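>>> below are the sequence and a predicted model; questions follow.
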Amino acid sequence: MSINEADSPAHWLAPDEERAWRAYLRMVTAVQDRTARDLAARGLSEPDYEVLSTLSEHPEGASTLHEQAAKMAWSRSRLSRHASRMEARGLIRRAPDPADGRGCLLVLTPTGWSTLREAAPLHVASVRRHFVDRLDPEELATLDRIARKLAADR
């Protein structure tokens, strides 16, 4: 059975709209797959790198689980589960949150810091190779405006 406009009240995509939507999906998937492969060669997943890099932006590499989840747009339970796996690998540790007895801090360990220092230049090179260097400055500026517009209602 096929779906057609007569069977549904949906406002179907015009051919150019569908083409743009599918191109966007393919672009995101391709870039993420390529950069993820490059990180995997260093033993990290994209979520691992995101946790490490965003923690490194905080003083002393520490952030509350709540703040970190909000910054990454993850649920606290998702981050907590992922943090447990990273903790088992010695990349981060949990510490009591002095401001909230019920909360915890995620803290980069020395191993986490060194892993990030080794991975960051390789990740930046991967982002350049698979994304930045493939676009001219005008395309990057346009993509930046589009991304900000689409992310604005989060």
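Yes, it's here.

>>> Tyr63 should be in a strand, yeah?
That one is not Tyr; residue 63 is Ser. Yes. With DSSP: H, G, I helix; E, B strand; the rest coil as the criterion, Ser63 is located in a strand.

>>> contacting residues around Ala125?
Asp38 (CB atoms under 8 Å, 6 or more residues apart in numbering). Using the backbone N, CA and C atoms, a C-beta is placed for each residue, glycine as well.

>>> measure it to Thr35 for me?
10 Å (CB to CB, to the nearest Å).

>>> got it, and Leu106?
23 Å.

>>> of those two, who's got more company?
More crowded of Leu106 and Thr35, by other CB atoms under 10 Å: Leu106, with 27 against 19.

>>> strands paired with the lowest-mean-pLDDT helix or strand in the chain, and their directions?
Lowest mean confidence among the helices and strands of the chain (mean pLDDT, DSSP states H and E): strand 100-108, at a mean of 88. Sheet pairing for strand 100-108, assigned by DSSP bridges, gives strand 62-64 (antiparallel), strand 92-97 (antiparallel).

>>> point out the most buried one among the ones you listed.
Comparing the strands paired with strand 100-108 by mean neighbour count (mean count of other CB atoms under 10 Å), strand 62-64 comes out on top with a mean of 19.

>>> ok, for the residue most central in space within the chain, nearest residue in space, not its chain neighbours?
Taking CA atoms, centre = their mean, the centroid of the chain lies closest to Glu50, which sits 5.5 Å from it. Closest residue to Glu50 apart from its sequence neighbours, by CB to CB, 6 or more residues apart in numbering: Met72 at 5.9 Å.

>>> hmm, His82 and that neighbour touching each other?
No. Using CB atoms under 8 Å, Met72 is not in contact with His82, being 9.5 Å away.

>>> who touches both of these two?
In contact with both Met72 and His82: Val51, using CB under 8 Å, 6+ apart.

>>> nearest to Pro137, of the strands paired with strand 100-108?
Comparing the strands paired with strand 100-108 against Pro137 with CB to CB, the closest turns out to be strand 62-64 (33.2 Å).

>>> how far is that closest one from where the chain is centred?
Taking CA atoms, centre = their mean, to the nearest Å, the mean C-alpha location of strand 62-64 is offset from the chain mean by 17 Å.

>>> after that strand comes which helix or strand?
helix 65-72 (DSSP states H and E).

>>> other SSEs contacting that following helix?
helix 46-56, helix 76-88, strand 100-108 (3 or more CB pairs under 8 Å, 6 or more residues apart in numbering; DSSP states H and E).
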